[in-house]
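*Asks:* no sequence for this one, just the structure:
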């Protein structure tokens, strides 16, 4: 089985980091993985996205035209990627940063106030992990425990103080199901 995920938002929202955590977790689970980051020259405040491909077999190409899942952390990301999702796929939307409902009816949609949830946990920058938790709860990609383990094992020492908060964010996101 192969799953393609695009994570997209503004620079500074942790889109690339969310993709890295997902990729590390998949590698630790023995999966084949590609992770391709893309960001504009503006960095913070500009657009940023990454593509993660996870497979049980060798990956033929890391490029993706119709991902099975998209995490849209802001409105420009929803506008750009909604139409690209494969029918039957999953769209996770940060309704904290989006002022419209998705239009597609042939995909599963998870709407959640990721920024507000992250703020309740203690740091709005954990919204990326809230979104990732919602993805895992709505698609059979990896167990939540694999991401928790990846956070513990692959987070830089100077950032270890945020691991427990990120785990809590993953779990809170996992409470949201597609409508």
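*Replies:* Great, that's in hand. Since the model is a prediction, treat every value here as computed from it, not as a measurement.
*Asks:* Next, the residue nearest the centre of the chain: phi, psi?
*Replies:* Residue closest to the mean C-alpha point of the chain, counted by CA atoms, centre = their mean, is residue 132 at 4.2 Å. Backbone geometry at residue 132, expressed as degrees, to the nearest 10, gives phi -60, psi -40.
*Asks:* Quick check: the gap between residue 98 and residue 67.
*Replies:* 18 Å (CB to CB, to the nearest Å). Where you see a C-beta, it was placed from the backbone N, CA and C, and this is true even at glycine.
*Asks:* Neighbour count: those two, which is higher?
*Replies:* Comparing residue 98 with residue 67 by neighbour count (other CB atoms under 10 Å), the higher total belongs to residue 67, at 22 against 18.
*Asks:* That one falls within a helix, correct?
*Replies:* No - secondary structure assignment (DSSP: H, G, I helix; E, B strand; the rest coil) places residue 67 in coil, not in a helix.
*Asks:* my guess is it contacts residue 8, does it?
*Replies:* No - applying CB atoms under 8 Å as the test, residue 67 and residue 8 come out as separate, 10.3 Å apart.
*Asks:* Overlap of the contact sets of these two?
*Replies:* Common neighbours of residue 67 and residue 8, counting by CB atoms under 8 Å, 6 or more residues apart in numbering, are residue 81.
*Asks:* list the contacts for the closest residue to residue 108 other than its chain neighbours?
*Replies:* Among residues not flanking residue 108 along the chain, residue 178 sits closest, at 3.7 Å (CB to CB, 6 or more residues apart in numbering). Counting by CB under 8 Å, 6+ apart, residue 178 makes contact with 90, 108-110, 138.
*Asks:* Can you say which two of the residues you listed are spatially most distant?
*Replies:* Maximum pairwise distance in the contacts of residue 178, criterion CB to CB, is 9.4 Å, between 109 and 138.
*Asks:* overlap in contacts of these two?
*Replies:* With CB under 8 Å, 6+ apart, residue 109 and residue 138 have common neighbours 90, 178.
*Asks:* before we move on, back to that, out of the contacts of residue 178, list just those in strands.
*Replies:* 90, 108-110 (DSSP state E).
*Asks:* Just put those in TSV and tack on neighbour count.
*Replies:* Shown next, in TSV, are the ones in strands among the contacts of residue 178 (neighbours: other CB atoms under 10 Å):
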residue	neighbour count
90	23
108	17
109	19
110	23
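*Asks:* would CSV of those with distance to residue 33 and pLDDT be doable?
*Replies:* As requested, the ones in strands among the contacts of residue 178 are arranged in CSV below (distance: CB to CB, whole Å; pLDDT from 0 to 100):
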residue, distance to residue 33, pLDDT
90, 19, 98
108, 23, 97
109, 26, 97
110, 23, 98
